Structures are given as structure tokens and as C-alpha cells.
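K.L.:
With the sequence up front, the predicted model follows.
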Amino acid sequence: MRKKIVAGNWKMNLTFNEAEDLLDEIVDLLENETIDAQVIVCPPYPYLEMASDIAKESNFFVGAQNISPFEAGAYTGEVSSSMLTSMEITHCIIGHSERRKYFNEDDKMLTAKINQSLEHKIIPIFCVGEALPEREAGDHFEVVRHQVRHGLFHLDTDEFEKVIIAYEPVWAIGTGVTASPEQAKEMHDYIRSLIAERYGKDIADKTIILYGGSCNSKNAKEIFAQEGVDGGLIGGASLIPEEFLAICKAAK
Ligand code: PGA
């Protein structure tokens, strides 16, 4: 059976002190609850070391929100996978729609990032999802197929098995509009069918696929209850401790 995962994507929010407070609150809340899901918190880079220290005393993992497509060297401002590994960071979000849109991350760059992360034993959380006009035009399956194939299908089976996929329809991210449970299930099933075609049914059945986009304490339970939805990638609601906890509890 696939494990459930809830990952919090803090994006570019919070000062150092606010981040520390939020982590402390998350630790307190997690300590007093039984959570079936694996919990991952993805703060901005400068807070990763603090988060990783706090996580050692708690039961969550720490992920980054981005990594460099390069190994090392003269790439001012970049952070490499090996740097993250050396800080015991276990996961990294790759291909988030905000990075595709604002930082022009294309298939080639994302492939390089995926390769870098796996080479250094970082588990990629690879995001895919269509924009509103693409859904309205009925192109959403084609868009997601392209993203999954070009981002991941160069991997051999051993590497692919380590990847987590997050389906995040762009029109649902930060908008308050969530995909319906049926829309989420439909796309998760479709992604799993693509994986089955490429890697076989066993691997497809093992692949963890998260849903992301305006997930909150009110809608998480129904979305996560869909067969094939293995938890969530949570933006805004992951900054509110009680919300985040309720979402973590909804994943079972
Ligand atoms: P949201 O963001 O939950 O604020 O919609 C999700 C994401 O971008 O990962």
C-alpha cells in the first residue's frame, strides 16, 4: 500500500523568527496527535538548517523548494543538490508552476534538476498541472502528459521509483478554487496510466501522487479519500499550524 504524504510548501513567506515559531508550533501539534501520513515541511533556503535541526527531534522531514540544475561551480545564487544532502535535507519540490512561469523553467532545465536531485539522494516532488485556458480548451490531459513524459520518463525504473508526483492544476493554486475530488481522481488515474504504460503496473501502483491547489482543512478529507490521491502539497494552509495539522490528520 502507498503511504500518504502531506508536504507544506511555504513559498517565499515568513521572517526567520516567524519561521522558527511556526516550526515550534508544528512540532507541538504533531507531538500530541497520531498522524498516519508522512509530513514534509519545505521552508525557504535560509531556514533549512534550522528546520532540519528541529526535525531531528520531531517526526517530520524537511524539503527544499528548488535546486540548481548544475552540480557545482560558478553559478552565483544557486544552491546545489549536494549542499542540500550535506544538510540532511531529504526532499525537494521541482517544477512548481510558479518556477515554470516566473523563472522560465522548461523541460530541459527540469530534467537536469530531477537528475541532480536523484544523483544526490534527494527525493524530488515533481509538480505538473494545466493552466485554466488549457483545461477550458480540453487540453489538460495532453499538457500533463507532456510534463510527466518530458520531466520524468528518461529515468530508469530504479530512479523513477524514488519520485513523488504532485498534480497541481495552476488554476487552483492560491486561488481558493479547488479541483473537485472527481477532477483530482481523474487526473491522478490518468497520470498513473501513463506510468503503467512506461514502467508497468507494479511501479504505477507504487508511485505516490499528491494533489495540490487550495487544499485546506475543509476540503482535504474528501480529496484525500479519492482512490489514487495519496495526500497533498499544501501552500497557504501550511503557514497556519492548526490548518496544516488538520490537513495532515485528513491523510490516512
Ligand atoms: P496553495 O498552493 O495550497 O496555496 O494553493 C499549493 C502549491 O502551490 O503548492
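P.N.:
Now that the structure is in, tell me what you want to look at. What you are looking at is a predicted structure, and each value in this text was computed from that prediction instead of being measured.
K.L.:
Flag every residue of the stretch 151-252 of the chain that's near the ligand.
P.N.:
By the rule Cβ under 6 Å from any ligand atom, the part of the stretch 151-252 of the chain lying against the ligand is Glu168, Ile173, Gly174, Gly212, Gly213, Ser214, Cys215, Leu233, Ile234, Gly235, Gly236, Ala237. The C-beta positions use only the backbone N, C-alpha and C, and glycine is treated the same way.
K.L.:
Let's have the residues you listed in a markdown table, adding secondary structure, neighbour count and pLDDT.
P.N.:
Output for those, formatted as a markdown table (DSSP: H, G, I helix; E, B strand; the rest coil; neighbours: other Cβ atoms under 10 Å; pLDDT from 0 to 100):
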| residue | secondary structure | neighbour count | pLDDT |
| --- | --- | --- | --- |
| Glu168 | coil | 27 | 98 |
| Ile173 | coil | 22 | 93 |
| Gly174 | coil | 12 | 92 |
| Gly212 | strand | 27 | 97 |
| Gly213 | coil | 26 | 96 |
| Ser214 | coil | 20 | 95 |
| Cys215 | coil | 30 | 96 |
| Leu233 | strand | 27 | 98 |
| Ile234 | strand | 29 | 98 |
| Gly235 | coil | 22 | 98 |
| Gly236 | helix | 18 | 97 |
| Ala237 | helix | 20 | 97 |
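K.L.:
Specify which member of those is nearest to the ligand.
P.N.:
Gly235 (2.2 Å; Cβ to the nearest ligand atom).
K.L.:
That closest one reaches Asn216, doesn't it?
P.N.:
No. Applying Cβ atoms under 8 Å, one finds Gly235 not in contact with Asn216, separated by 10.1 Å.
K.L.:
Strands of the protein, start to end?
P.N.:
Taking DSSP state E, the strands of the chain run over residues 5-9, 38-42, 60-64, 91-94, 123-128, 164-167, 208-212, 231-234.
K.L.:
partners of the last one, with directions?
P.N.:
According to DSSP bridges, the neighbouring strands of strand 231-234, each with its direction, are strand 5-9 (parallel), strand 208-212 (parallel).
K.L.:
can I get those in JSON lines with distance to Val41?
P.N.:
Output for the strands paired with strand 231-234, formatted as JSON lines (distance: least, Cβ to Cβ, whole Å):
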{"stretch": "strand 5-9", "distance to Val41": "5"}
{"stretch": "strand 208-212", "distance to Val41": "14"}
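K.L.:
Can you tell me the number of residues neighbouring Ala64?
P.N.:
The number of residues packed near Ala64 is 25, by other Cβ atoms under 10 Å.
K.L.:
mind listing what the closest residue to Ala196 other than its chain neighbours touches?
P.N.:
Residue nearest to Ala196 in three dimensions, not counting chain neighbours: Ala204, with 3.8 Å by Cβ to Cβ, 6 or more residues apart in numbering. Counting by Cβ atoms under 8 Å, 6 or more residues apart in numbering, Ala204 touches Arg192, Ser193, Ile195, Ala196.
K.L.:
Would you confirm that the first one contacts Ile208?
P.N.:
This points to Arg192. No. Look at Arg192 against Ile208 with Cβ under 8 Å: they stay out of range, at 10.5 Å.
K.L.:
tell me the contacts of Asp230?
P.N.:
Taking Cβ under 8 Å, 6+ apart as the criterion, Asp230 is in contact with Arg2, Lys3, Lys4, Ile5, Ile208, Ile209, Leu210.
K.L.:
now with 7 Å?
P.N.:
Applying Cβ atoms under 7 Å, 6 or more residues apart in numbering, we find Asp230 in contact with Arg2, Lys4, Ile5, Ile208, Ile209, Leu210.
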